[in-house]
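S.K.: need a structure here:
(one chain, ligands or ions: 1)
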Amino acid sequence: MKQELAVRNLIASDDAAAFFNAWAIDEERHTDGFIRILELVADGSEPDLRARLETRSHDFGPVFEHLKDEFSLMVMIAFDEMCTCRAYAAEKPFYDALGNNTFHHWLREVIADEAVHSMNAVNLIRARYHDRISQVGKIIDNLIRAATTLRYSGTFVLDYFGEVYSKELLAESRLAVMRNIAKPVIG
Ligand SMILES: [Fe+2]
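M.R.: Predicted structure coming up:
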């Protein structure tokens, strides 16, 4: 919640406020789902799951210095959601191995939600910050550099599924966001 409030100071437009309301509801649902699944898998042997998951999901603290305004915030969200979308996709085999179709379908829903979040952020950037699109690549590069540095310094130890966030995944996510942003605006 603290982070949420800090994030809200960066929100300048009604469009972004609407985006964040919808986004927060989805992410809350995802967190609840992950906790339920992990409790089942871990058989109650992980008492601080919620605390660990909350640290994992969108720990923007370390990258706050890169967030100057609504535009840079939306770039980070577009990128972060693309990363999580791909990271969850990489975890499909794990969820399938749980042997319950509900997990499989639930994960698919989460992946689709993350893709929508990224696209919504991309569309907001295209609609409101068209003149700043040339800055997107550099912002994402800075985020990747910050994330890499943090991981090397061990700050990401609480990152529950950290190992799927590979260099390749970050690079592919960057490319995907850049491609989506570059698409011609329709309508
Ligand atoms: Fe997300």
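
S.K.: Can you tell me which residues in this structure are near the ion?
M.R.: 81, 84, 114 (C-beta under 5 Å from the ion). For every residue, glycine as well, the C-beta is placed using N, CA and C.

S.K.: Now tabulate these in TSV and tack on neighbour count, pLDDT and secondary structure.
M.R.: Listed next are the residues of the chain next to the ion as TSV, based on neighbours: other C-beta atoms under 10 Å; pLDDT from 0 to 100; DSSP: H, G, I helix; E, B strand; the rest coil:
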residue	neighbour count	pLDDT	secondary structure
Glu81	26	92	helix
Thr84	27	89	helix
Glu114	23	94	helix
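
S.K.: which among those residues gets closest to Asp26?
M.R.: Nearest to Asp26 among those, counting by C-beta to C-beta, is Glu114 at 8.5 Å.

S.K.: Now name the helix or strand holding the closest residue to the closest one other than its chain neighbours.
M.R.: In space, and not counting its chain neighbours, Glu114 is closest to Cys85: 3.7 Å by C-beta to C-beta, 6 or more residues apart in numbering. Taking DSSP states H and E as the criterion, Cys85 maps to helix 70-90.

S.K.: Give the other helices and strands that that helix contacts.
M.R.: helix 14-42, helix 101-128, helix 136-152, helix 167-182 (3 or more C-beta pairs under 8 Å, 6 or more residues apart in numbering; DSSP states H and E).

S.K.: Restricting to C-alpha, output the next helix or strand after it in CSV.
M.R.: Following helix 70-90 in sequence order, the next helix or strand is helix 92-97 (DSSP H and E). Taking Å, rounded to 0.1, in the frame of the first residue of the first chain, the C-alpha atoms of helix 92-97 are listed here in CSV:
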residue,chain,number,x,y,z
LYS,A,92,3.6,-23.2,-17.3
PRO,A,93,5.2,-26.6,-17.0
PHE,A,94,5.4,-26.2,-13.2
TYR,A,95,1.7,-25.5,-12.9
ASP,A,96,0.8,-28.3,-15.4
ALA,A,97,2.9,-30.7,-13.3
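
S.K.: neighbouring contacts of helix 92-97?
M.R.: 37, 103-104, 106-107 (C-beta atoms under 8 Å, 6 or more residues apart in numbering).

S.K.: Widest-spaced pair of the residues you listed?
M.R.: Ile37 and His104, at 11.3 Å, using C-beta to C-beta across those.

S.K.: So between these two, which is more surrounded?
M.R.: It is Ile37, of Ile37 and His104, that has more neighbours when counted by other C-beta atoms under 10 Å, with 18 against 14.

S.K.: For that one, which non-adjacent residue is spatially closest?
M.R.: Using C-beta to C-beta, 6+ apart, the nearest residue to Ile37 is Phe103, at 6.3 Å.

S.K.: quick revisit: next, the contact list for the residue nearest to Glu114, please.
M.R.: Cys85 neighbours (C-beta under 8 Å, 6+ apart): 111, 114-115, 118, 173.
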